[in-house]
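Visitor: generate a structure from the sequence data that follows.
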Amino acid sequence: MADLTPQQKQLMWVLKWLFRASIQSFVLLGCLTFYFYERSPTAADTTSGHVYPLYDKLHSRYVYLTELENNSMSVLLCMGVGCVFCGIFVDFSLKRSVTLSEKDGQQGKGEGPGHDELHE
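Guide: Residues are numbered from 1 along each chain as shown. So this is what the prediction gives:
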């Protein structure tokens, strides 16, 4: 495999950053979910603002979140999914760039198609 160009190195750095961000987002989302399962009330309470239901699969019950808690979980989920999709796009771009640069390198050395025909 040939050395990476500066643009490919930059894409590799972005890909690593997106992967780490998506993992952190999903881990934090999981931690918050378990935290809310234990901390949130099991009955809606309009005075405290706990009116957004979240199904607790561990205990087969609903817990109720505030608007901020509900929105924070939605944002974390969207960030994680967004980072995954951006990472997939960057990965395809990087693979395409590396493949094209390898093909250019082979043709520059005379290893590409038609190489044998030139030397006969």
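Visitor: lowest average confidence, helix or strand, in this structure?
Guide: Between all helices and strands in the chain, the lowest mean by mean pLDDT, DSSP states H and E belongs to helix 115-118, at a mean of 50.
Visitor: residue contacts, the spatially most central residue of the chain?
Guide: The geometric centre of the chain, computed from its C-alpha atoms, lies nearest to Val84 (CA atoms, centre = their mean), at 2.3 Å. The contact partners of Val84, taken as CB atoms under 8 Å, 6 or more residues apart in numbering, are Leu18, Ser22. In this view, the C-beta of every residue, glycine as well, is placed from N, C-alpha and C.
Visitor: helices of the chain, start to end?
Guide: Ranges of helices within the chain are 6-39, 67-108, 115-118, based on DSSP state H.
Visitor: I'd like to know which of the ones you listed is closest to Lys57.
Guide: Judged by CB to CB, the one of the helices of the chain that comes nearest to Lys57 is helix 6-39, at 8.6 Å.
Visitor: list the buried residues in that closest one.
Guide: Applying a neighbour-count criterion of 16 or more other CB atoms under 10 Å, the buried positions in helix 6-39 are 8, 11, 14-15, 18, 21-22, 25-26, 29, 33, 36-37.
Visitor: among those residues, which pair sits farthest apart?
Guide: Across these, the longest distance by CB to CB is 43.7 Å; it joins Gln8 and Tyr37.
Visitor: got the contact list for stretch 4-17?
Guide: Where contact means CB under 8 Å, 6+ apart, the residues beyond stretch 4-17 that reach it are Gly87, Val90, Asp91, Ser93, Leu94, Ser97, Val98, Ser101.
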